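# quick one: sequence plus predicted model below, questions after.
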Amino acid sequence: MAKYFVKRKLQCPGDGYEISMSVCRGRQRVLYPKCPVCRHRDKSISTSTEEVEEYTPMDTGTRKILQLSTNQDEAINRLIFKCYDIRGKYPEQLDEYTSEKIGIATVLFLKSIKEDINNIVVARDIRLSSNALASSLMKGITKAGVNVIDIGEVSTDTTYFAVGSCNYDAGIMVTASNNPSNYNGFKLCHEQAMPISFDTGLSTISEIARQTDLPVSEHHGNIIEKDIINEYKKFILSFATHLKPLKLVIDAGNGMAGKMIPIIFKDLPCKIVPLFFKPDGSFPNHEPNPLDSRNLSDLQSKVRETGSNLGVAFDGDADRCVFVDENGREIGCDIIAAIIARKLLQKEKGATILYDLRSSRILPEEIKKAGGNPYRERVGHSHIKAIMREQNAVFGGDLSGHYYFRKNYFADSALIALIEVLNILSGRNVPMSNLIAPLRKYCSTGEINFKVEDKDKKIEQIAQHFKDGKVDYLDGVTIEYSDWWLNVRKSNTEPLLRLNLEGKTKEIMEHRKKQVIDIIERE
């Protein structure tokens, strides 16, 4: 029978202080709560399943180290533990104390699923708080008896490469990706760069981190500095095939791309027109979020001004990118995924290509046309990576600017995506706009966000209104008709309802968009 820990909050009958209880649900065993003030221990608590409000899978080894939380540890904000990473405002939600506790908790979690944990890669971006949080994180990891492989300031995909290529046990990247400068956080992965999401470990790490007196090892680990850049550069360049001297504008957004691009492109024939390459964690020019079209205006202007072949904007940790053509027109990430998929399928007919369910219909159509097997998946990099590994998919793309490659340990890399696009442009000898024009077949709303009180109710209302369509609930609700489709889903990271809708024509798209928005905004 499965064993679970349940955190319960109770009022101490001795003096009214709030206390906590852990219940092992599988064996109906109770670790009775004890008030830290009057030491009252309450043995009157039932462990019936009906009274359990929430639980998190835990293993036997981890159970032994859980102890009563103090106010300081319970103040560790559960909300920073997201679906795919850990992220919050610094220092209000995430500070050095929390970071150290997360370091210890991560080791304890990893040891609960694999006893022999020796080395964890730690890297960081250029945010103003990243050095401090990385130092405290490494302190926690080494206290727990595990070595840190410190690879310094690099992009997130460099971290995945270090873990996968050197067979390290895990990796943690200190970054808040595309969030504003006052945020920071951690992206975690297992061996072979397999992601640690909320479902596969972050929930457990959250509960462990909130415990006091976490056990530390008698023998602390060491911090070992390692320069992985040259190895990573060699790996990235292995994807480049006969590049022509193309001119491209790259907007690094004052993030990690400003460090990585000059290193990667030093020995390539391409001419780089740099924008905001100086690393600056305050992000003085614009937020490091290329998915927001407002942050692309400088890139678009510079592409037109310099007569460049294309432009590329990276996010803060340089694991995502957005492209614009030679006219400065933004290109959808699903369109980029389609042209990369076609290229890769030339060498591997019948291969599986993953895409997220928000993508244009043109993507699965092009995958089939090129002889591939399109595989539709719910939104989120941890889901896509897991299914890619399961399906041995050669490539995957999502609408958020992540591009995943089998040869990159099924992990995402914006740099590899850029190299592949340059390979395609070099081979076709046509403007970028001509290359993608046939793929702009449908009209899409883009993602529209709504603040909604009862998200589940709205999703069901939409499903009922359009019940004559093909309805599925893979992620939120997707409803398909012959000439249009929609997806409405709850955000995994924000209190929002997200709408994506596409039609065969602009008129169809606008008409259906109005219908759906009327339902969403109806009281």
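Sure, I can see it.
# how would you label Ile519: helix, strand or coil?
Secondary structure state of Ile519, per DSSP: H, G, I helix; E, B strand; the rest coil, is helix.
# from Asp475, how far out is it?
Using Cβ to Cβ, to the nearest Å, Ile519 is found at 19 Å from Asp475. C-betas here are computed from N, CA, C, even on glycine.
# and the two? which has more neighbours close in?
Asp475 (20 against 14; other Cβ atoms under 10 Å).
# so Gly253 versus His286, what's the distance?
Relative to His286, and taking Cβ to Cβ, Gly253 is found at 7 Å.
# what is in contact with the two at once?
Listed as contacting both Gly253 and His286 by Cβ atoms under 8 Å, 6 or more residues apart in numbering are 276, 295.
# the two: who's more crowded?
Taking neighbours as other Cβ under 10 Å, Gly253 and His286 compare with Gly253 leading, 29 against 19.
# ok, the more buried one - contacts?
So Gly253 contacts 276, 283, 285-288, 290, 295, 313-316 (Cβ under 8 Å, 6+ apart).
# over to Phe395?
Going by Cβ under 8 Å, 6+ apart, the list of residues near Phe395 reads 337, 340-341, 344, 351, 353-354, 403-406.
# what do you get for Val273?
By Cβ under 8 Å, 6+ apart, the neighbours of Val273 are 247-250, 302, 306, 308.
# those in helices, which ones?
The helices, defined by DSSP state H, take in 302, 306 from the contacts of Val273.
# now render the contacts of Val273 as JSON lines, adding pLDDT and distance to Trp485.
JSON lines is the format used below for these (pLDDT from 0 to 100; distance: Cβ to Cβ, whole Å):
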{"residue": "Lys247", "pLDDT": "98", "distance to Trp485": "38"}
{"residue": "Leu248", "pLDDT": "98", "distance to Trp485": "34"}
{"residue": "Val249", "pLDDT": "98", "distance to Trp485": "34"}
{"residue": "Ile250", "pLDDT": "98", "distance to Trp485": "34"}
{"residue": "Lys302", "pLDDT": "98", "distance to Trp485": "36"}
{"residue": "Thr306", "pLDDT": "98", "distance to Trp485": "38"}
{"residue": "Ser308", "pLDDT": "98", "distance to Trp485": "35"}
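# dump the contacts of Val273 to a markdown table, plus neighbour count and distance to Ile387.
A markdown table is the format used below for those (neighbours: other Cβ atoms under 10 Å; distance: Cβ to Cβ, whole Å):
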| residue | neighbour count | distance to Ile387 |
| --- | --- | --- |
| Lys247 | 15 | 37 |
| Leu248 | 25 | 32 |
| Val249 | 26 | 34 |
| Ile250 | 27 | 31 |
| Lys302 | 19 | 38 |
| Thr306 | 14 | 40 |
| Ser308 | 23 | 36 |
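# can you give me the buried ones in stretch 224-243?
For stretch 224-243, a neighbour-count test (16 or more other Cβ atoms under 10 Å) marks 226, 228-229, 232-233, 235-237, 239-240, 243 as buried.
# quick one: the helices in the stretch 201-350 of the chain?
All helices of the stretch 201-350 of the chain, identified by DSSP state H, counting those that start in this stretch, fall at 203-209, 229-237, 257-265, 297-306, 333-347.
# which stretch among these comes nearest Thr156?
Nearest to Thr156 among these is helix 257-265; the distance by Cβ to Cβ comes to 10.4 Å.
# now the angle from the closest one to helix 229-237?
70 degrees (axes from the mean of the first three to the mean of the last three Cα atoms, to 10 degrees).
# need the contact partners of helix 257-265.
126, 153-155, 158, 229, 233, 236-237, 250, 252, 272, 274, 276-279, 314, 318, 321, 414-415.
# what about the stretch 351-500 of the chain, any weak spots by pLDDT?
493 (pLDDT under 70).
# and the nearest residue to Asn289 once chain neighbours are set aside, how far from Asp125?
Distances taken as Cβ to Cβ, 6 or more residues apart in numbering place Asn178 nearest to Asn289, at 3.8 Å, with adjacent residues excluded. Going from Asn178 to Asp125 by Cβ to Cβ gives 11 Å.
# mind listing the shared neighbours of those two?
Gly316.
# more neighbours: these two, which one.
Regarding Asn178 and Asp125, a neighbour count based on other Cβ under 10 Å identifies Asp125 as having more, with 27 against 23.
# and the gap between the spatially closest residue to the more buried one that is not a sequence neighbour and Asp317?
Using Cβ to Cβ, 6+ apart and skipping the chain neighbours, the partner closest in space to Asp125 is Thr175 (4.3 Å). Distance, Thr175 to Asp317, using Cβ to Cβ: 4 Å.
# shared neighbours of those two, anything?
Contacts common to Thr175 and Asp317, judged by Cβ under 8 Å, 6+ apart, are 125, 156, 187.
# among these, which ones are in helices?
Counting by DSSP H, these contribute Thr156 to helices.
# out of the shared contacts of Thr175 and Asp317, which one sits closest to Asp325?
For the shared contacts of Thr175 and Asp317, the nearest to Asp325 is Thr156 (26.2 Å; Cβ to Cβ).
# neighbours around the closest one, how many?
Thr156: 28 neighbours (other Cβ under 10 Å).
# that one: what's it in contact with?
Taking Cβ under 8 Å, 6+ apart as the test, what Thr156 contacts is 123, 125, 173, 175, 177, 187, 256, 317-319.
# mind putting these in JSON lines, distance to Ile76 and pLDDT included?
Below are the contacts of Thr156 laid out as JSON lines (distance: Cβ to Cβ, whole Å; pLDDT from 0 to 100):
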{"residue": "Ala123", "distance to Ile76": "23", "pLDDT": "98"}
{"residue": "Asp125", "distance to Ile76": "22", "pLDDT": "98"}
{"residue": "Met173", "distance to Ile76": "20", "pLDDT": "98"}
{"residue": "Thr175", "distance to Ile76": "19", "pLDDT": "98"}
{"residue": "Ser177", "distance to Ile76": "21", "pLDDT": "96"}
{"residue": "Lys187", "distance to Ile76": "18", "pLDDT": "98"}
{"residue": "Met256", "distance to Ile76": "27", "pLDDT": "98"}
{"residue": "Asp317", "distance to Ile76": "23", "pLDDT": "98"}
{"residue": "Ala318", "distance to Ile76": "29", "pLDDT": "98"}
{"residue": "Asp319", "distance to Ile76": "26", "pLDDT": "97"}
